[in-house]
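Enquirer: need a 3D model of the sequence below.
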Amino acid sequence: MSKFALAVDVGATKVAIATIGEDFSVHQKQEVLTRADNGAQLWSSIEKVIQEFLKSESGTLIGIGVASAGPLNILNGTLSPVNIPIWRDFPIIDHLKKMSGDKKVVLHGDALALAHAEHRIGAGRGLKNMLGMVVSTGIGGGLILDGKVFRGETGNSCYIGHHSINFEGRMCACGRRGCVEAYASGPQMVAIAHENGWNPNLDSFIDLAQSAREGNAVAIDAISQGTRALSIGIVNFVGTLDINHVVIGGGVAQAGEIFWNPLQKHIKTESKAIGFLKDVHLHKAELQRDAGVLGAALAVLN
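Expert: Below you'll find the model as predicted:
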């Protein structure tokens, strides 16, 4: 009989749930928006999808992998994602164990899941060391060192979105000032554009990117500011570890050259001052919207 893993990928605006085969094929996938009034309501929506998937799969469930925006508490099996305020110390591991008849459940960060998946079957294949990044509603990182996933002591390694690059800068949702995420996430680039007079009737990064492609100077500047902040965070991080491969995925990273061109320019500028970082290689994630669920599943498929 075939075997499969259940994957749960918790992002800032949506939770993706999927069943993944041993060959890394996605059998079923559905997304649940995080716009709920309370944590119990959000979990109820997720639980309903999981129950339907488990009933319809004909194989044997190996276990459940959870990838989530941080911070996490691996020891307690709880989540407190910065951008999901209705979930604080949410006991997702206990809930999933009860649902699955006490199957194995593994929790790790969403960007770590992307890094794991891209390293195993995506843009990072064959790399010994790499930083994987999600650039979307939030910003996170995941680290591969010496060919292995590096989780850190608490499971929150590579918390790069909340590295402060300007101690008198913009207030971040996490409570600190000047975080990379406060400039470089999709919503924050939109907010910066609005503050500088960009069309108040448009409110998505998709709109902002299109406006920049059409030559709007305010939109172009907001993306330049965001990609510069991101490049500073990346250069600081890879310079600390002396690694030079970065795989970037997430919704913002899918905007095309309007995002990648300024990012590459700023990476080149920021890395010049660090002599050993002469050639930071940026790789576009290959797995797109499935990276998170595939990475979550890998935690138990391995």
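Enquirer: now the strands for the stretch 101-250 of the chain?
Expert: Remark: strands assigned in the stretch 101-250 of the chain by DSSP state E, counting those that start in this stretch are 104-109, 130-135, 139-145, 148-150, 245-249.
Enquirer: following element in sequence after the helix or strand harbouring residue 49, please.
Expert: In this structure, residue 49 is located in helix 39-56 according to DSSP states H and E. Per DSSP H and E, helix 39-56 leads on to strand 60-68 as the next helix or strand towards the C-terminus.
Enquirer: send me that next one as CSV with only the CA atoms.
Expert: Written as CSV, here are the backbone C-alpha positions of strand 60-68 (Å, rounded to 0.1, in the frame of the first residue of the first chain):
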residue,chain,number,x,y,z
THR,A,60,-1.0,5.0,4.9
LEU,A,61,-0.2,8.2,6.7
ILE,A,62,3.5,8.3,7.6
GLY,A,63,3.3,11.5,9.7
ILE,A,64,2.6,15.2,9.6
GLY,A,65,5.0,18.0,8.8
VAL,A,66,4.3,21.5,9.9
ALA,A,67,6.0,24.6,8.5
SER,A,68,5.1,27.9,10.1
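Enquirer: what helices and strands are in contact with that strand?
Expert: In terms of contacts (3 or more CB pairs under 8 Å, 6 or more residues apart in numbering; DSSP states H and E), strand 60-68 is packed against strand 3-10, helix 92-100, strand 104-109, helix 110-121, helix 291-301. Heads up, the C-betas are built off the backbone N, CA and C, glycines and all.
Enquirer: now the strands of the stretch 101-250 of the chain in JSON lines, with mean neighbour count, mean pLDDT and distance to residue 35?
Expert: JSON lines is the format used below for these (neighbours: other CB atoms under 10 Å; pLDDT from 0 to 100; distance: least, CB to CB, whole Å):
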{"stretch": "strand 104-109", "mean neighbour count": "23", "mean pLDDT": "91", "distance to residue 35": "22"}
{"stretch": "strand 130-135", "mean neighbour count": "29", "mean pLDDT": "95", "distance to residue 35": "20"}
{"stretch": "strand 139-145", "mean neighbour count": "26", "mean pLDDT": "94", "distance to residue 35": "21"}
{"stretch": "strand 148-150", "mean neighbour count": "16", "mean pLDDT": "93", "distance to residue 35": "31"}
{"stretch": "strand 245-249", "mean neighbour count": "25", "mean pLDDT": "96", "distance to residue 35": "23"}
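Enquirer: closest to residue 190 out of the helices and strands packed on strand 60-68?
Expert: Among the helices and strands packed on strand 60-68, the nearest to residue 190 by CB to CB is helix 110-121 (21.1 Å).
Enquirer: quick one: work out the angle between the closest one and strand 130-135.
Expert: 130 degrees (axes from the mean of the first three to the mean of the last three CA atoms, to 10 degrees).
Enquirer: so for residue 59, what's the pLDDT?
Expert: pLDDT for residue 59: 87.
Enquirer: helices of the stretch 101-250 of the chain, start to end?
Expert: Assigned by DSSP state H, counting those that start in this stretch, the helices in the stretch 101-250 of the chain fall at 110-121, 181-184, 186-195, 205-213, 217-241.
Enquirer: worst average pLDDT in the ones you listed?
Expert: Checking each of those, the one with the poorest mean pLDDT is helix 110-121, at a mean of 93.
Enquirer: residue 83: what's its closest spatial neighbour, skipping adjacent residues?
Expert: Nearest non-adjacent residue to residue 83, counting by CB to CB, 6 or more residues apart in numbering: residue 12, 3.6 Å away.
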